[in-house]
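Undergrad: show me the folded form of this:
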Amino acid sequence: MSKPIAYGIDFGTTNTLLSVARDDAVDLLAVDGDSELLPSLVYLHRQPLRSAGTEAVRQYVLTARNQTRCGSCSLVHRTKNGPVTKCQAYTRGAGCFDSRLVSEMKRELAAADRDHTHSWARDFDYPDLVSTIFRALKRRADAAVGANVERVMVGHPVAFEGADGEKFADLQRLAKARIRMAARRAGFAEVELLEEPSAATLLEADEGMVLTADFGGGTFDVSIIELTATTGVVKALAGAPVGGTDLDGILFRRALFPVLGLADDGRKGLPNRYRNRFSRRDKALRTLGDADLAPILSELQRDGGFHGVEKLRAIIDNGWINELYDAVETAKRELSVETATTIRFDRPGVDIRVNVTRKQFEQWISRELSRVRQAVLDALTQAGLTADQIDLAACTGGSSLLPAFRRDLTDVFGEEKIEQREPYSAIALGLGLHARTLWHG
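TA: Below you'll find the model as predicted:
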């Protein structure tokens, strides 16, 4: 096997993949145990300890409830003039949790009004957090290929979440600068970036006008590129802040809120601030370390509570939130091939069976799909093209498998022009191909 040239990293909102580019091939590597998908999650602990991916979730579930009181914290120094500390969370008589699970960092990269999160008297800036994922990828990939690879091609969305309005270009530059900084901190000496849909387009062998629609976990991105035998000219780039995690949250809310007593039906139940947390996986996970939630659930259960309080408490107490969201995501995928499915979740004291039809799901996500369709039309307008002038519409990303999305594309381009690419690996492989072209030899 030839010597590795560079890596390609598809840094996603929910998952991250890595490809290795060699003289004669580009391949994906397993980076999370036997899986090619590394969950884009970072575990932080006050000691300090860090981990990424599945290990991050495992560590967080074990430590989420552990706390240190401010009165006994080693970060607080007692002086004759009172306590002194750099910890911004210090409150007399209070305390804080010993660990955190940080998710969806990609959504924050274009935030100009904030650049870090603070815990345990330390600022963790966004490049620092992202570098934890990149460092884990590099360490595992270097071990697999037996070399210290210092070149990387990182994908990025056409429009980062939050990058809009008059400051779009500035916010895009900010987000890309943060990605470059993260890669360098992870140990890469040479860092290049490429739009995610453009990377997927590189897998196309035919010449012509190619539209690539990347419906990923965090965003929907679309590009139009004119391919020739030797070049690719970008004609349009567009996108929408809609992704698979949004669709998961909608399915969770619509299907499981009634079962768990989270639906706002006017009866006594959880305060709205807690209901809203369960609409997203990352926010739901944070309930594992919420010291105020357990007493509320206990009181509701003692008073007769609401329908589902016992199930909800068992899920939170046992740290099953992530697994429950996995069941919802599985059901979403099944609805891409079946007209109906059942969300199943079996644990001691918890037996959930909720039937969902594809028709129901498509009605629930109709607003999000409308935004995606509009992004496709915007790309055509930006390119000055009609749908008839597109030779191929290539789809990638997990949510591109949704039948309703395919129908929308068919309405615009016709069935004969639409081709499905591997939903998860196309971008990572395209990044590897571009890296091989750039650095070959």
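Undergrad: next, the buried residues of the helix or strand of the chain with the lowest mean pLDDT.
TA: Within the chain, no helix or strand scores below helix 293-302, which has a mean of 74 by mean pLDDT, DSSP states H and E. Within helix 293-302, the residues scored as buried using 16 or more other C-beta atoms under 10 Å are 293, 296, 297, 300. Every residue, glycine included, has its C-beta placed from N, CA and C.
Undergrad: what sits against the first one?
TA: What it means is residue 293. 274, 287, 316 (C-beta atoms under 8 Å, 6 or more residues apart in numbering).
Undergrad: let me have those residues in JSON lines, extended by neighbour count, distance to residue 228 and secondary structure.
TA: Below are these laid out as JSON lines (neighbours: other C-beta atoms under 10 Å; distance: C-beta to C-beta, whole Å; DSSP: H, G, I helix; E, B strand; the rest coil):
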{"residue": "274", "neighbour count": "19", "distance to residue 228": "56", "secondary structure": "helix"}
{"residue": "287", "neighbour count": "19", "distance to residue 228": "53", "secondary structure": "helix"}
{"residue": "316", "neighbour count": "18", "distance to residue 228": "56", "secondary structure": "helix"}
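Undergrad: where does the stretch 151-300 of the chain dip in pLDDT?
TA: Along the stretch 151-300 of the chain, segments meeting pLDDT under 70 span 205, 229-231, 264-269, 289, 291.
Undergrad: need the next SSE after the longest helix seen in the chain, C-terminal direction.
TA: Criterion DSSP state H: the longest helix present in the chain is helix 126-145. Proceeding N to C from helix 126-145, the next assigned helix or strand is strand 151-156, under DSSP states H and E.
Undergrad: could you tell me the angle between that following strand and helix 126-145?
TA: Strand 151-156 and helix 126-145 are oriented at 130 degrees to each other (axes from the mean of the first three to the mean of the last three C-alpha atoms, to 10 degrees).
Undergrad: would you mind writing the CA trace of strand 151-156 as CSV?
TA: Output in CSV follows, covering the C-alpha atoms of strand 151-156 (Å, rounded to 0.1, in the frame of the first residue of the first chain):
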residue,chain,number,x,y,z
ARG,A,151,-1.8,17.7,5.5
VAL,A,152,-5.6,17.9,5.7
MET,A,153,-8.5,19.1,3.5
VAL,A,154,-11.5,20.1,5.6
GLY,A,155,-15.0,20.5,4.2
HIS,A,156,-17.3,23.4,5.2
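Undergrad: mind giving me the packing neighbours of the next helix or strand after that strand?
TA: Towards the C-terminus, the helix or strand next in line after strand 151-156, according to DSSP H and E, is helix 168-185. Counting by 3 or more C-beta pairs under 8 Å, 6 or more residues apart in numbering; DSSP states H and E, the packing neighbours recorded for helix 168-185 are helix 126-145, strand 151-156, strand 190-195.
Undergrad: now do the second one: distance to the chain's middle.
TA: In this case it means strand 151-156. Per C-alpha atoms, centre = their mean, to the nearest Å, the displacement of strand 151-156 from the mean C-alpha position of its chain is 17 Å.
Undergrad: who's in contact with that strand?
TA: Taking C-beta under 8 Å, 6+ apart as the rule, strand 151-156 contacts 5-11, 21, 134, 138, 175-176, 179-180, 183, 188-196, 199, 427-428, 431-432, 434-435, 438-439.
Undergrad: compute the inter-axis angle for that strand and helix 168-185.
TA: Angle, strand 151-156 to helix 168-185, by the same axes, to 10 degrees: 150 degrees.
Undergrad: relative to strand 190-195, how tilted is strand 151-156?
TA: Using the same axes, to 10 degrees, the inter-axis angle of strand 151-156 relative to strand 190-195 is 30 degrees.
Undergrad: give the pairing partners of strand 151-156; include direction for each.
TA: Strand pairing for strand 151-156, using DSSP bridges, gives strand 4-11 (parallel), strand 190-195 (parallel).
Undergrad: which is the next helix or strand following the shortest one?
TA: Towards the C-terminus, the helix or strand next in line after strand 190-195, according to DSSP H and E, is helix 196-201.
Undergrad: check the longest one too.
TA: Scanning forward in sequence from strand 4-11, with DSSP H and E defining helices and strands, the next element found is strand 15-22.
Undergrad: list the buried residues of that next one.
TA: For strand 15-22, a neighbour-count test (16+ other C-beta under 10 Å) marks 15, 16, 17, 18, 19, 20, 21, 22 as buried.
Undergrad: distance of the last one relative to residue 317?
TA: Note on residue 22: its distance to residue 317, by C-beta to C-beta, to the nearest Å, is 49 Å.
Undergrad: residues contacting stretch 361-379, please?
TA: Contacts of stretch 361-379 (C-beta under 8 Å, 6+ apart): 211, 213, 215, 220, 222-224, 236-240, 242, 246-247, 250-251, 254, 332, 335, 402-405, 408-409, 412.
Undergrad: and the residues you listed, which of them are buried?
TA: Buried among the contacts of stretch 361-379 by 16+ other C-beta under 10 Å: 211, 213, 215, 220, 222-224, 236-240, 242, 246-247, 250-251, 254, 332, 335, 402, 404-405, 408-409, 412.
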